[in-house]
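Enquirer: 3D model of this:
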Amino acid sequence: MTTGNFALDDAVSFDHRHIDLEKRDDVYVIGDVHGCLDALEELLETLDLADNDLAVFVGDLVRKGPESKAVLDRVRRSPRLLSVRGNNEQKLIDGEKSLSSLDLADQQYLESLPTAISWDGGLVVHGGIDPNRPLSEHATEDLLTMRAPDGDGYDGPFWFETYEGQPRVFFGHTVLDEPINQEWAVGLDTGCVYGGELTAYDVRRDRFHSVSGPDHVERSAAKIVALGDS
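Expert: Numbering: from 1, shown residues only. Model prediction:
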């Protein structure tokens, strides 16, 4: 990946949506919600979005937590909320997993989610990107599940350790003990459903907002990245 002006074009094989941040006031990127409606509502109340503000989710709105349908309804019905597709949405689309609470409208919404949302200089995906390949060589699966392109999952090495953009990539998927704020990568999955936090990044002010999450699912410490060890 090289630095310079960045724009997604027709050469990529995955679905994407480009937005113009100049037409928005405050802009936030929010980490993995995983069906934790109460934490989401608390975070949105903290952000206090005005009519011309925007929040973009990194995917994995669903599964693991108890209120996937309510989270989908909350995001789908607001023009101020957008999301990319996460690997857990993809599992539902592919029939690998199922949620009895979801109806046809929910399924159609999941299928409508783009793999990436971009703006000038920024890219939101669920998993990440391979620093050694241009975006044109990435498939949907790469962007949904990227964690350690030359390693083995949580054993690393992680893609964001060596990535040098442009674009600056905002991502979830890899559970972190605290958010990542690097020049070219912003990591936002701080383990809400595992008793961590639900985190939002304020694009305009370069700062994080977090609220405590419920402890719905147990997770091994080996699958939570301590940034001092990455």
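Enquirer: tell me the contacts of Leu21?
Expert: Residues counted as contacts of Leu21 (CB atoms under 8 Å, 6 or more residues apart in numbering) are Val27, Leu54, Trp119, Asp120, Gly122, Val203. The C-beta positions use only the backbone N, C-alpha and C, and glycine is treated the same way.
Enquirer: what's the farthest-apart pair in those residues?
Expert: Spatial extent of the contacts of Leu21 (CB to CB) is set by the pair Leu54 and Asp120 at 14.4 Å.
Enquirer: out of those two, which sits in the more crowded spot?
Expert: Of the pair Leu54 and Asp120, Leu54 is the one with more neighbours under other CB atoms under 10 Å, namely 20 against 14.
Enquirer: Next, format the contacts of Leu21 as TSV and append secondary structure and pLDDT.
Expert: Formatted as TSV, the contacts of Leu21 follow (DSSP: H, G, I helix; E, B strand; the rest coil; pLDDT from 0 to 100):
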residue	secondary structure	pLDDT
Val27	strand	98
Leu54	strand	98
Trp119	strand	95
Asp120	coil	93
Gly122	strand	96
Val203	coil	98
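Enquirer: Distance-wise, check the residue lying closest to Asn52 once chain neighbours are set aside relative to Phe160.
Expert: Spatial nearest neighbour of Asn52, excluding adjacent residues (CB to CB, 6 or more residues apart in numbering): Asp25 at 4.6 Å. The spacing between Asp25 and Phe160, counted by CB to CB, to the nearest Å, is 28 Å.
Enquirer: neighbour count winner among these two?
Expert: Legend: neighbour count by other CB under 10 Å for Asp25 and Phe160, higher for Phe160 (23 against 12).
Enquirer: so what's the residue most central in space within the chain up against?
Expert: The residue lying closest to the centre of the chain (CA atoms, centre = their mean) is Val58, at 1.5 Å. Applying CB under 8 Å, 6+ apart to Val58 gives the contacts 29-32, 83-84, 86, 124-126, 170-173, 188-189.
Enquirer: Show me which of the residues you listed are buried.
Expert: 29-32, 83-84, 86, 124-126, 170-173, 188-189 (16 or more other CB atoms under 10 Å).
Enquirer: quick check, nearest of those residues to His216?
Expert: The closest of those to His216 turns out to be Asp32 (CB to CB; 12.5 Å).
Enquirer: Now the phi/psi pair for the closest one, please.
Expert: phi -60, psi 120 (degrees, to the nearest 10).
Enquirer: Pretty sure it sits against Asn87.
Expert: No: judged on CB atoms under 8 Å, Asp32 makes no contact with Asn87 at a distance of 10.1 Å.
Enquirer: any residues in contact with both of those two?
Expert: Shared contacts of Asp32 and Asn87, defined by CB under 8 Å, 6+ apart, comprise Gly59, Asp60, His173.
Enquirer: From Asp25, how far off is the first one?
Expert: Going from Gly59 to Asp25 by CB to CB gives 24 Å.
Enquirer: and if you look at the second one?
Expert: Using CB to CB, Asp60 is found at 26 Å from Asp25.
Enquirer: what residues are up against the residue nearest to Asn52?
Expert: Counted by CB under 8 Å, 6+ apart, Asp25 has contacts Ala50, Asn52, Asp53.
Enquirer: swap the cut-off to 10 Å and go again
Expert: Residues near Asp25 by CB atoms under 10 Å, 6 or more residues apart in numbering: Leu49, Ala50, Asp51, Asn52, Asp53, Leu54, Arg204.
Enquirer: what does Trp159 give?
Expert: Shown in contact with Trp159 (CB under 10 Å, 6+ apart): 127-132, 142, 146-151, 169, 171, 174, 185.
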